[in-house]
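J.: How does the following fold in three dimensions:
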Amino acid sequence: MEAFANRLKKNFKHLVKWAQRNAVTCYRVYDHDIPEYPFCVDIYEDCIHVSAYLSRYQSIEEQDGYVNEAGAVIAEVLNIPVEKIFVKHRRVLARREEQYEKVAAEQHKMVVQENGLKFRVNLSDYLDTGLFLDHRPLRTRFLTEAKGKRVLNLFAYTGSFSVYAQAAGALEVTTVDLSQTYIQWSKDNFELNGLAVKEANFVQGDVMHFLKGEAGGKYDLVIVDPPSFSNSKKMSGTWDTQRDHPTMLHLLLKHCNPGAKIYFSNNFRNFQPDFSRLKVQSAKDISAETIPEDFRNKQIHKCYEIIV
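T.: Next comes the predicted model:
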């Protein structure tokens, strides 16, 4: 583990200064930098969240031993008590099929801050914490772009983009997600920031069904960040980002005002955009502009800016 410890120490020395300069309190300090040590290590203020991408060929005992050893290294290098380190074992998949899986019931919830806004995260219960750190730069755009706009957040997860938009002075923000758990989490994040919760603007349901209906009018700014794949029982079929994104975006256009901006992001590593059916002013890949400095993996997501 010496190589892992040395790289972690080097990364932290650089990134802790960067984080202080930029008032960032949640950031990635190790991003699978060395293939032999397949971890993503994220700092959430005074806690650590570790995703361990372990080989399916290792036994449970081997995996546990490896993770425990890594945890001890992380605790020593980052000077964090072991009880404040939360480790998730993740399967190595081409798609983020495990995005919404619950893995424990420990309820280690905490409130973290980003750009002066507050978000509730859960470091223990789910594979993901409730705040995707790789979308920090894209969220920041909403502070300047959402004012006076009607904003739509599709596949909203815990509503962080919605919070940014409302805090920036959006005229109206509509938040849509299939999960009632995440709709409630979105409302909680609004309340944490002293933002009014208008029940009609929080929609628990299938995004495709929502877009095939009235969808609440016309929008000026849209964020779409779907899981790569979903076969939830709450849906009539399945969702596949590669297969379904052309139809979804085509349906979305009828709910957008002329000149509206759509940010379409996803993290399917082999994603190939098909915008051939879209009658829009422009559609460009802005992925490089939206991946933060603390992420070594510059393929963590794909992001496109579409101007209607």
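
J.: Rounded mean pLDDT for stretch 167-180, please.
T.: Mean per-residue pLDDT for stretch 167-180: 97.

J.: Tell me the span between the first and last residue of it.
T.: From its first residue to its last, stretch 167-180 covers 23 Å (C-alpha to C-alpha, to the nearest Å).

J.: what's the answer for stretch 273-289, then?
T.: With C-alpha to C-alpha, one end of stretch 273-289 sits 18 Å from the other.

J.: Nearest residue to Leu46 in space, please, no chain neighbours.
T.: For the record, residue 46 is Asp, not Leu. Lys84 (6.4 Å; C-beta to C-beta, 6 or more residues apart in numbering). C-betas here are computed from N, CA, C, even on glycine.

J.: Roughly how far does that neighbour sit from Ala75?
T.: 8 Å (C-beta to C-beta, to the nearest Å).

J.: what about Arg150, distance to Thr25?
T.: Arg150 is 31 Å from Thr25, by C-beta to C-beta.

J.: which of those two has more neighbours?
T.: Neighbours were counted for Arg150 and for Thr25 using other C-beta atoms under 10 Å; Arg150 has more, 22 against 14.

J.: Where does the prediction get shaky in the stretch 101-250 of the chain?
T.: Counting by pLDDT under 70, the stretch 101-250 of the chain shows low-confidence ranges at 101-107.

J.: In it, what residue spans correspond to strands?
T.: With strands called from DSSP state E, counting those that start in this stretch, the stretch 101-250 of the chain shows them at 109-114, 117-122, 150-154, 172-177, 202-204, 219-224, 229-230, 239-240.

J.: Lys88: which of those strands is closest?
T.: strand 117-122 (11.4 Å; C-beta to C-beta).

J.: helices or strands up against the closest one?
T.: The contact analysis (3 or more C-beta pairs under 8 Å, 6 or more residues apart in numbering; DSSP states H and E) places strand 117-122 against strand 109-114, helix 160-167, helix 180-192.

J.: Strand partners (parallel or antiparallel) of the shortest one?
T.: Spelled out, that is strand 109-114. According to DSSP bridges, strand 109-114 forms sheet pairs with strand 117-122 (antiparallel).

J.: Only the buried residues of the partner strand, if you could.
T.: For strand 117-122, a neighbour-count test (16 or more other C-beta atoms under 10 Å) marks 117, 119-122 as buried.

J.: of these, closest to Ser55?
T.: Asn122 (26.9 Å).

J.: Could you give the bridge partners of that closest one?
T.: Lys109.

J.: now Ser230
T.: Applying DSSP bridges, one finds that Ser230 bridges with Trp239.

J.: picking up where we left off before, redo the buried residues of strand 117-122 as TSV? Include distance to Ser59.
T.: Output for the buried residues of strand 117-122, formatted as TSV (distance: C-beta to C-beta, whole Å):
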residue	distance to Ser59
Leu117	43
Phe119	37
Arg120	36
Val121	31
Asn122	29
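
J.: Excluding its own residues, what touches stretch 58-76? List them.
T.: 1, 4-5, 8, 37, 39, 41, 48, 50, 52, 54, 80-82, 85, 87, 89 (C-beta atoms under 8 Å, 6 or more residues apart in numbering).
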